[in-house]
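A.B. asks: Sequence and predicted structure, then a few things I'm wondering about:
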Amino acid sequence: MNVCLRYHLLMIRLIRCDWFSIACIPLVLCSTQLLAQPDEGVVATAAESVDQGSDSWTQIFNLKNYTFRDLTLYWDNDGTIPNFTDDTDRYYTNGNGIELSFDPHLSQAFQSKFAISDDNPEDQRFGVGVAIKQRIYTPQSILSPNPPARDHPYAGHLALALSFQRADNNTHDHFGLDLGLTGHSSGAEGVQNWIHNIFPDEDDPVGWDTQLPGEPTINFAFTRTWKSEAANVGGLEMEILPALGFDLGTVSIAARSSMTLRVGKNLPSDFGPATLLGHKDHTVRVSESSDSKWSIYAYARLGVDAIAHDIFLDGTVFHDSRSAMREPLVATFSFGLITRYKGLYLGWTQNTQTERFELQPDSQTWGSMVFGCSFDW
C-alpha cells in the first residue's frame with residue numbers, strides 16, 4: 001500500500017479522534033457562517049453590508065461580510081513520498097493542515113486605513129485565512145525508549161492559525177497569529193503510532209514518553225514579500241520574489257529572509273506557492289489568479305533564518321523539558337512545480353535544510369504536497 005493511500009486513511013482516522021474534533025471546532029464554526037451562499041449574490045450582499053456603518057470596527061467581525069475563496073490541503077513528509085531524495089523518520093518528520101481563504105469585503109473606509117500603499121487604490125486587495133495545522137518532530141532514531149539527551153526531542157504541535165493579508169500588484173503583507181498546544185494534546189503521538197501500528201513495514205516509535213510536555217502556545221508572524229516585473233525569457237515568464245519577516249512568540253523568535261525565483265507560463269498574480277511552514281496568498285482566488293484558464297511554473301527558493309528561540313529544540317517555556325543545542329542560523333533550499341487549471345491547484349516541493357541543532361549529523365530533506373481549489377459553496 002503506497003504512502004499516499006496511507007495519508008488519506010490517516011486523515012479519515014484524524015476526523016474520528018477527539019483531540020482533532022475539538023481543535024476543529026473554531027474552523028467549523030467559522031466555515032459554517034463564512035461558506036454560506038447569500039441568496040442575492042455574494043459580492044453584492046457583502047458590499048451592501050459594509051457600506052452601512054462603514055466606519056464601525058464591528059464590520060470586521062461580522063461574518064456575513066466574508067465570502068469564501070479557496071480550500072487548501074497541506075502534507076509534508078520526510079518519507080519516500082513526497083520526499084524523492086530520502087526515506088527517513090527523524091526531526092521534522094510530518095506536517096499536515098487544512099486552510100480556508102476568505103475575502104473580507106472591507107468597506108472603502110477600512111480599505112483606506114489598511115491599504116499597503118497610497119498608490120492605485122483600485123489595485124488594493126485583502127484576504128483572511130483560517131487553518132488547523134499539525135507538526136511532528138522525532139529524534140534521529142525512533143527505536144530508543146530514552147533518546148540521547150541532546151538529540152532532537154519528540155515533539156508535537158497543533159495550532160489554530162489565523163491570518164490577515166493585504167497586497168497590491170507589487171507588495172504583499174502577511175500577518176499571522178497561531179494559537180496552539182504541545183504535548184499529548186497535539187495528537188502527534190497518536191498520529192504517528194497509528195500509522196506505524198497499521199503498516200507492519202514501519203518501525204514502531206517507542207520514545208514518545210519523553211516528548212515535550214503539554215502547554216499552550218501563541219505566536220505572531222509577519223512577512224512582507226515583493227514582486228519584480230515579469231520578464232520574458234525564451235517564451236517563458238520569470239519573476240523574482242524577495243521576502244523579509246519575523247516570528248515572535250512562545251514557539252519561535254526569529255528573523256526570516258528568502259528569495260524565490262519562478263519561471264513558467266501564465267504566471268499567477270499571487271505572491272508565491274502556498275506552504276505549510278510558510279503561508280498562502282489569501283488575497284486572490286485560485287480560479288482568478290491569471291487571465292488564462294491554466295498556469296504552470298517551476299520555482300526555486302533560498303531562505304535563511306536567524307533563530308533566537310525554537311520551542312522544538314529549546315524546550316517548552318513554562319515547563320522543564322528536553323532540549324538540544326540550537327543552531328543560530330538555518331538555511332533552507334526548496335524547488336518545486338506548481339500547476340493550476342481553472343479552480344484547481346496542485347504543487348510539489350522538495351526541501352533541503354541545514355543542521356538545526358549542534359549534534360545533528362547532516363542536513364534534512366522532506367517533500368511537500370499542496371492541493372487547493374476554488375468553488376462555490
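C.D. replies: Nice, I can see it. Residues are numbered from 1 along each chain as shown.
A.B. asks: Mind pulling up the pLDDT for residue 47?
C.D. replies: With respect to pLDDT, residue 47 has a value of 49.
A.B. asks: For residue 234, give its distance to residue 295.
C.D. replies: 17 Å (C-beta to C-beta, to the nearest Å). The C-beta positions use only the backbone N, C-alpha and C, and glycine is treated the same way.
A.B. asks: Compare those two (neighbour count), which wins?
C.D. replies: Neighbour comparison, residue 234 and residue 295: the larger count goes to residue 295, with 22 against 6 (by other C-beta atoms under 10 Å).
A.B. asks: Quickly list what that one is bridged to.
C.D. replies: residue 340 (DSSP bridges).
A.B. asks: which outside residues touch stretch 335-350?
C.D. replies: If you take C-beta atoms under 8 Å, 6 or more residues apart in numbering as the criterion, stretch 335-350 is touched by 70, 72, 82-85, 262, 264, 268, 273-275, 285-287, 289-290, 293-301, 334, 365, 367-375.
A.B. asks: out of those, which are buried?
C.D. replies: 70, 72, 82-83, 262, 264, 268, 273-275, 285-287, 289-290, 295, 297, 299, 301, 334, 365, 367-370, 372-374 (16 or more other C-beta atoms under 10 Å).
A.B. asks: Strands - which of the residues you listed land there?
C.D. replies: Counting by DSSP state E, the part of these found in strands is 70, 72, 262, 264, 295, 297, 299, 301, 334, 365, 367-370, 372-373.
A.B. asks: Among these, which one lies nearest to residue 313?
C.D. replies: residue 365 (18.5 Å; C-beta to C-beta).
A.B. asks: For the helix or strand hosting residue 135, output the C-alpha coordinates as CSV.
C.D. replies: Using DSSP states H and E, residue 135 maps to strand 125-138. The C-alpha trace of strand 125-138 is given here as CSV (Å, rounded to 0.1, in the frame of the first residue of the first chain):
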residue,chain,number,x,y,z
ARG,A,125,-6.8,43.7,-2.2
PHE,A,126,-7.3,41.9,1.2
GLY,A,127,-7.6,38.3,2.4
VAL,A,128,-8.2,36.3,5.6
GLY,A,129,-7.1,32.7,6.3
VAL,A,130,-8.3,30.2,9.0
ALA,A,131,-6.4,26.9,9.3
ILE,A,132,-5.7,23.9,11.5
LYS,A,133,-2.1,22.8,11.3
GLN,A,134,-0.1,20.0,12.9
ARG,A,135,3.7,19.3,13.0
ILE,A,136,5.5,16.2,14.3
TYR,A,137,9.2,16.0,15.3
THR,A,138,11.2,13.0,16.4
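A.B. asks: Pull the distance from it to the chain's centre.
C.D. replies: Centre-to-centre, strand 125-138 and its host chain are 4 Å apart (C-alpha atoms, centre = their mean, to the nearest Å).
A.B. asks: Next, the buried residues of that strand.
C.D. replies: By neighbour count on 16+ other C-beta under 10 Å, the buried set for strand 125-138 is 125-138.
A.B. asks: try stretch 218-236
C.D. replies: Applying 16+ other C-beta under 10 Å to stretch 218-236 flags 219, 221, 223, 225, 227 as buried.
A.B. asks: and those residues as a markdown table, adding pLDDT and secondary structure?
C.D. replies: Conversion of these to a markdown table gives the following (pLDDT from 0 to 100; DSSP: H, G, I helix; E, B strand; the rest coil):
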| residue | pLDDT | secondary structure |
| --- | --- | --- |
| 219 | 98 | strand |
| 221 | 98 | strand |
| 223 | 98 | strand |
| 225 | 98 | strand |
| 227 | 97 | coil |
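A.B. asks: Which elements pack onto the one helix or strand residue 241 maps to?
C.D. replies: Assigned by DSSP H and E, residue 241 falls within strand 236-249. Applying 3 or more C-beta pairs under 8 Å, 6 or more residues apart in numbering; DSSP states H and E, one finds that strand 236-249 makes contact with strand 216-226, strand 231-233, strand 252-265.
A.B. asks: Residue 245 touches residue 173, doesn't it?
C.D. replies: No: Residue 245 sits out of contact with residue 173 when judged by C-beta atoms under 8 Å, with a separation of 9.4 Å.
A.B. asks: which neighbours do the two share?
C.D. replies: By C-beta under 8 Å, 6+ apart, the residues touching both residue 245 and residue 173 are 222-224.
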